[in-house]
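1. Could you work out the structure for the sequence below:
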Amino acid sequence: MNRYIKYTLAMLVLLAGFYQTGRAQNFGAKATLDKKSILIGEQTQLNLSIRFHAKDSIGFPKLADSIGKIQLIKFKADTAFDPGDKSIKTITRHYTITAFDSGTYVIPSYVFKSPVGDLPTDTLNLDVRTVAVDTTKAFYDIKQPLVINYTFWDWLRDNWKLTLGILAGLIIGGGAVFYLLRRPKKEVVVEEVKPDIPLHIQALQKLDEIKNKQLWQHDQVKQYYIELSDVVREYLEKRYTIQALEQTSEEIFASLRHMDIASEDRNLLRQLLVLSDMVKFAKEKPAANENEKSMENAVTFIKDTQPHAKPAGVDVKGDEAK
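-> Numbers count the residues shown, from 1 in each chain. Have a look, this model is predicted:
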């Protein structure tokens, strides 16, 4: 029994070893240089790549802005999957590097972190050379600038688009000025200024229009009182600067409490507005003489309270003359 258990454990350990070996064979990290020798200031690429299972997490080494005297300018990354096994991919980071001092520089080994352990790259050497100078040849002075005969026609050939644009602008501008100076002048038509219609005249005209409609005579009593009260409310709003169109009848009376309105006219207004509310909201059906009386009260109220008018026998406070 123990022998079989030992045999089974040995097989499991062996299989696990084969599995890890198979995984490790798929892994690999390497570093390469596009050019191992460059001139001072010339650029080349350092490529760090790793091949691993796509499901695994890999830790890339972090590079500083410089490797000794080698300067890192920029980098980009590429990812490629194995054509025969899409579960294996390779990520490569391309670092553009340069150096401004001659010499041979060592690029150290970089370590990738992987599930199977650390994967280091090989060290690389970068040879930075100076420009070769042949010291056996004589030195020459710097050549002086060449004198070029640059004429107006040369300038015109180089700037013909600008010249055409300026000429086109001058022609268009001149044509516009010529047209404005020569075009026939329009006769100035003086419109007759119509005098503003006084507020009370406007209200009386609207009342006359309501009277001509004969609304209550055609059983449209509610519409008759709606239009009648609206004309009076609009007149009150403009005449006394109150919110009569939005206020209830009682709110209107409260707003007019200190206004210069005679007591007789207040009674006419109250009769009109209260009866209008009864018709609109309580379905009151006034008699014919009440309908006519409401129109008369509206006309009388507007005439008595028209701006700059003062009913006979009433002082400025609205009280009867003593």
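
2. what's the nearest residue to the residue positioned nearest the centre of the chain if we skip its chain neighbours?
-> Residue closest to the average C-alpha location in the chain (Cα atoms, centre = their mean): residue 76, at 34.1 Å. The shortest distance from residue 76 to any non-neighbouring residue, by Cβ to Cβ, 6 or more residues apart in numbering, is to residue 94 (5.4 Å). Every C-beta, even on glycine, is put in place using the N, C-alpha and C of the backbone.

3. For this protein, just list every one of the helices.
-> 2-25, 152-158, 160-182, 199-213, 221-240, 249-255, 263-282, 288-304 (DSSP state H).

4. What average pLDDT does the third one get?
-> Summarised as a single mean, pLDDT over helix 160-182 is 88.

5. Report the buried residues of it.
-> When neighbours are counted by 16 or more other Cβ atoms under 10 Å, no buried residue of helix 160-182 is found.

6. can you give me how far that helix is from the chain middle?
-> 39 Å (Cα atoms, centre = their mean, to the nearest Å).

7. can you check the second one too?
-> Relative to its chain's centre, helix 152-158 lies at 48 Å (Cα atoms, centre = their mean).

8. go on, the fifth one?
-> Helix 221-240 has its C-alpha centroid displaced from the chain centroid by 47 Å (Cα atoms, centre = their mean).

9. Next, the angle from it to helix 288-304.
-> Helix 221-240 and helix 288-304 are oriented at 10 degrees to each other (axes from the mean of the first three to the mean of the last three Cα atoms, to 10 degrees).

10. Determine the set of other helices and strands touching helix 221-240.
-> Packing contacts for helix 221-240, counted by 3 or more Cβ pairs under 8 Å, 6 or more residues apart in numbering; DSSP states H and E, involve helix 199-213, helix 249-255, helix 263-282, helix 288-304.

11. okay if I get those as TSV plus mean pLDDT?
-> Formatted as TSV, the helices and strands packed on helix 221-240 follow (pLDDT from 0 to 100):
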stretch	mean pLDDT
helix 199-213	90
helix 249-255	90
helix 263-282	89
helix 288-304	90
